[in-house]
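> coords please:
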Amino acid sequence: MTFPTPAPGTSSSVLTLRIPDVLLAQLTAHAARRGLPLQDYVLRLLAREDFDERLREAVQRSAALAAWGPPHGS
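Presented below is the predicted three-dimensional model:
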């Protein structure tokens, strides 16, 4: 397994996971189809999920602000 080099000025830590063989095989196959090492594929999945969650929260907050309507006197 290859380990990506952290960007300059950043650090990294190790996370060990125990996952079922079937799931590991599926993740490995998905990574191979994209031409990525397994670790890079999993890191991208985690980053995308985090982005999706932050985007969803931002949209909800924007909708709540929009519900207030325009400021008085506009």
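
> show me the residue at the heart of the chain, geometrically.
Against the mean C-alpha coordinate of the chain, by Cα atoms, centre = their mean, the closest residue is residue 47 at 1.9 Å.

> quickly find the element holding that residue.
Assigned by DSSP states H and E, residue 47 falls within helix 38-67.

> low-confidence ranges, this structure, go.
The chain contains residues with pLDDT under 70 at 1-6, 69-74.

> buried residues in stretch 12-32, which are they?
Within stretch 12-32, the residues scored as buried using 16 or more other Cβ atoms under 10 Å are residue 31. The C-beta positions use only the backbone N, C-alpha and C, and glycine is treated the same way.

> any idea how far stretch 8-15 is from the middle of the chain?
16 Å (Cα atoms, centre = their mean, to the nearest Å).

> ditto for stretch 45-52
Its chain's C-alpha centre and that of stretch 45-52 lie 2 Å apart, by Cα atoms, centre = their mean.

> re earlier: buried ones in the helix holding residue 47?
In terms of neighbour count (16+ other Cβ under 10 Å), helix 38-67 has its buried residues at 38, 40-42.

> from those residues, which is closest to residue 31?
Nearest to residue 31 out of these is residue 41 (Cβ to Cβ; 3.6 Å).

> and that closest one, what does it touch?
27, 30-31, 34 (Cβ atoms under 8 Å, 6 or more residues apart in numbering).
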